[in-house]
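S.K.: A structural model of the following input is requested.
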Amino acid sequence: MNFLKNSIKIGVLLFFGAIYAQQQPNYALYRYTMNAINPAYAGADGVSRLTANFRSQWINIEDAPETQTLFFETSLNDKVGLGLSIVNDDVFANENTSFVIDFSYKLQLNETTDVFLGLKGGGSVYNFISSDLSINGFPPDPAQGNIDNGFRPIIGAGAYLVHDKYFISLSIPSILLNERVNLNSDGVVTTVNEKTHFYLSGGYNFDISSDWEFRPSTMVRAVSGSPLSADLTAAFRYNERFELAPMYRTDGGWAGTMMFNLSDWMDLGYAYEGSSRQVLNDSNDGTHEVMVRFTF
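M.R.: Numbering: from 1, shown residues only. Here you go, the predicted model:
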C-alpha cells in the first residue's frame, strides 16, 4: 500500500513537473528575488543586501520540489555592482546546487532613468540521491551509479532599465546548453539537455494617495519546448511598510503575497501558491515561500 501511495505521489510530481515546470526555479516573490535570474540587479539600488528565500512546493507530496536561495549584492562605486548567488534546488532524488558571481555596470540615460548591464558566471553541481528511491519503495538500479554528477559551467547575461516609476528587466540566467550523460549497465548512453530560459519582467508604480501605492508587475518566462508562462501581480503598498498582492499564473496557478518592512534594515516576505488543477489540489496543501532581506 505504501508503495502504491508513493507511486501515485511521484507520478503526479513527475507528470506535472515534466509538462509545466521549468529547469530553473520560479519565485512568487519575483520582484524581490530578481538577483537570482538577472545579474544586472547586483548593486543597482546603491546599497548592500543579503537575501534568503525558502520555497517549499506541493506540501504533503513526499520529496516535492524545495528551493533555497541566498544572494548578496553590493555597490563597489556609483557605476559597478557585484553580487554572489547560491541556489539549491531539490526535486525528488535530484539535487542541483549553483554558485555564481554577478557583475553589473550602470549607464545613466538621464536624471531619472538608468540602464544596468550584467554578466553572471559560475557553475552548478548535480547530485542524484539514489537512497531516496529505496525509501519510496523502488528497487535499486545498477545504472544509477553511472549518472554524471560533474560540474557544469554557468554563463548568463541581463539588462535592467529603471525609472522612478517603472522598470523593465530582460535576462538569460544560463546561456550555455550543458548536457548531462548517463551510461547504463547495457552500455546505452542517454542524455539530459538543459534548456535556455528567457525572462522578461516589468512593472509600474502608481500613486493612489500620500500613503497608498498601486504596483502592478509581470514576469514572463519562455523555455524551449514548454508553453509560455506569465505571472500577473497587482500589489498594493501602504506607507512603504506593508504590501499585499494577488498573483495569477497563466499556466494554471495563483498566489497571495505579503511583504513587511520591519525596519530600515530588514524586510520579511511570504507567499502562498495554489493550483487550478484539481489533481494537484487533491494531493497537496499548496506551496509556501518565505523571504527575509537585510539591508546594510
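S.K.: CA only for contacts and neighbour counts going forward, please
M.R.: OK.
S.K.: Now do the contacts for residue 206.
M.R.: 165, 213-215 (Cα atoms under 8 Å, 6 or more residues apart in numbering).
S.K.: Next one: residue 296 relative to residue 49, how far apart?
M.R.: 6 Å (Cα to Cα, to the nearest Å).
S.K.: Counting neighbours, go ahead and name the busier of the two.
M.R.: residue 49 (20 against 10; other Cα atoms under 10 Å).
S.K.: now the more buried one, nearest residue through space, not along the chain?
M.R.: residue 295 (4.5 Å; Cα to Cα, 6 or more residues apart in numbering).
S.K.: okay, now the one you found: neighbour count?
M.R.: 16.
S.K.: Residue 268 is in contact with that one, correct?
M.R.: No - assessed by Cα atoms under 8 Å, residue 295 is found out of contact with residue 268, at 11.7 Å.
S.K.: ok, residue 111 - how many residues close by?
M.R.: For residue 111, using other Cα under 10 Å, the count is 8.
S.K.: before we move on, what SS does it have?
M.R.: Classification of residue 111 using DSSP: H, G, I helix; E, B strand; the rest coil returns coil.
S.K.: Model confidence for it, exactly?
M.R.: On the pLDDT scale, residue 111 is placed at 91.
S.K.: Same check on the one 4 residues further on?
M.R.: We have a pLDDT of 98 for residue 115.
S.K.: Same check on residue 295?
M.R.: So, for residue 295, pLDDT stands at 97.
S.K.: How about the contacts made by it?
M.R.: Contacts for residue 295 (Cα under 8 Å, 6+ apart) come out as 47-50, 264-266.
S.K.: Go through those and say which is closest to residue 194.
M.R.: residue 50 (28.7 Å; Cα to Cα).
S.K.: what's the nearest residue to the closest one if we skip its chain neighbours?
M.R.: Nearest non-adjacent residue to residue 50, counting by Cα to Cα, 6+ apart: residue 72, 4.5 Å away.
S.K.: What of residue 69?
M.R.: residue 87 (4.5 Å).
S.K.: Show me the contact partners of the helix or strand hosting the one you found.
M.R.: Here residue 87 sits within strand 80-91, counting by DSSP states H and E. With Cα under 8 Å, 6+ apart as the test, strand 80-91 has contacts from 25, 35-36, 39, 42-44, 63-76, 95-106.
S.K.: If any of those residues are buried, give me the ChimeraX selection for them.
M.R.: Only the buried entries of those go into this ChimeraX selection, using 16 or more other Cα atoms under 10 Å:
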select :25,35,36,39,42,43,44,63,64,65,66,67,68,69,70,71,72,73,74,75,95,96,97,98,99,100,101,102,103,104,105,106
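S.K.: What strands line up against the strand holding residue 87, and which way round?
M.R.: strand 66-75 (antiparallel), strand 94-108 (antiparallel) (DSSP bridges).
S.K.: And those strands: which comes nearest residue 201?
M.R.: strand 94-108 (17.7 Å).
S.K.: Need the CA coordinates for the next helix or strand after the closest one. PDB is fine.
M.R.: Of the helices and strands lying after strand 94-108 in sequence (DSSP H and E), the nearest is strand 113-128. In PDB, the C-alpha atoms belonging to strand 113-128 read as follows (Å, rounded to 0.1, in the frame of the first residue of the first chain):
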ATOM      1  CA  THR A 113      16.400  56.700 -15.900                       C
ATOM      2  CA  ASP A 114      19.400  54.300 -15.600                       C
ATOM      3  CA  VAL A 115      20.200  51.100 -17.500                       C
ATOM      4  CA  PHE A 116      22.200  48.400 -15.800                       C
ATOM      5  CA  LEU A 117      24.000  45.700 -17.800                       C
ATOM      6  CA  GLY A 118      25.000  42.500 -16.100                       C
ATOM      7  CA  LEU A 119      27.100  39.300 -16.500                       C
ATOM      8  CA  LYS A 120      26.800  36.100 -14.500                       C
ATOM      9  CA  GLY A 121      29.500  33.500 -14.200                       C
ATOM     10  CA  GLY A 122      29.900  30.300 -12.100                       C
ATOM     11  CA  GLY A 123      28.800  26.700 -12.100                       C
ATOM     12  CA  SER A 124      26.500  24.000 -10.800                       C
ATOM     13  CA  VAL A 125      26.900  20.600  -9.300                       C
ATOM     14  CA  TYR A 126      24.300  17.900  -9.800                       C
ATOM     15  CA  ASN A 127      23.700  15.100  -7.300                       C
ATOM     16  CA  PHE A 128      21.500  12.100  -7.700                       C
END
